[in-house]
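[1] A structural model of the following input is requested.
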Amino acid sequence: MVNISDYINSGILEQHCFDIFDEKRGQEITALRLVHPEIDHELNEIEDTILQMAKSHAITPAPHLKQSIWRALGFLSEGKLDIGNLPPTDKNSSDTAWLNTVAHLLPAEPYEDFFAALLRQDAHIAQTLVVTRMNVPEEIHEEVAESFFILHGQCACTVGGDVFILNAGDHLEIPLHINHDIKILSPYVIAILQHQFA
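    Next up is the predicted model:
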């Protein structure tokens, strides 16, 4: 005869929830759960606690990392965007889809020090394809919100006192009224420079 209180306090149920025991022990606990409501209740409590702990300690991967993993596993198909109706860039944008879309506009390698092609301009937004080997000196924007979306290469962007290392797939928004500059860390960088107007 099983002493239910001792069984609950033994730690066996917690170990079962972490799948430490073998299949035979699992079958035993499943059978006891059906017969003894106290064990069923305790298991529900343990499972809820584990779920809450997992949620409170979960780390959501960066969107571009998630896309890269899905793409590497073959679950994400990267096509092209409609170049006549480009969306704003943001942290969820796909660098591969953007690069596929603008590939025909890129100059032949080896690239010159600086190349720019206007992609979109309307009352709300301007987007420019940029290929550069040149650093961008310190500047401040008072009225136009600026962001960079990196398609290829690596650069360091200093914003105020913070330095951000940007790689393909990274998107950085520059706050208004803050000094910022860019240093190219790879042979060249391909990026979408975006200005949004208030």
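[2] Tell me which helix or strand comes right after the least confident helix or strand in the chain by mean pLDDT.
    Taking mean pLDDT, DSSP states H and E as the measure, the helices and strands of the chain show their lowest mean at helix 63-72, namely a mean of 59. Reading on from helix 63-72 to the C-terminus, the next helix or strand found by DSSP states H and E is helix 95-102.
[3] what about Glu138, distance to Ala145?
    For Glu138, the distance to Ala145 (CB to CB, to the nearest Å) stands at 18 Å. For every residue, glycine as well, the C-beta is placed using N, CA and C.
[4] same question, Gln15
    Applying CB to CB, the value for Gln15 to Ala145 is 54 Å.
[5] and stretch 178-192, what's its mean pLDDT?
    Mean per-residue pLDDT for stretch 178-192: 95.
[6] hmm, I was thinking of stretch 14-27
    Within the predicted structure, the mean pLDDT of stretch 14-27 is 77.
[7] Flag every buried residue along that stretch.
    Of the residues in stretch 14-27, His16 count as buried by neighbour count, 16 or more other CB atoms under 10 Å.
[8] my guess is Pro88 meets Phe197, correct?
    No. Assessed by CB atoms under 8 Å, Pro88 is found out of contact with Phe197, at 11.9 Å.
[9] so what's in contact with these two at the same time?
    By CB atoms under 8 Å, 6 or more residues apart in numbering, Pro88 and Phe197 have these common neighbours: Ile125.
[10] In this structure, where is pLDDT below threshold?
    Along the chain, segments meeting pLDDT under 70 span 1, 20-21, 60-78.
[11] Please, where are all the strands along it?
    Chain-ordered strands for the chain, with DSSP state E as the definition, fall at 114-121, 125-132, 136-139, 144-152, 155-159, 162-166, 171-174, 180-184, 189-197.
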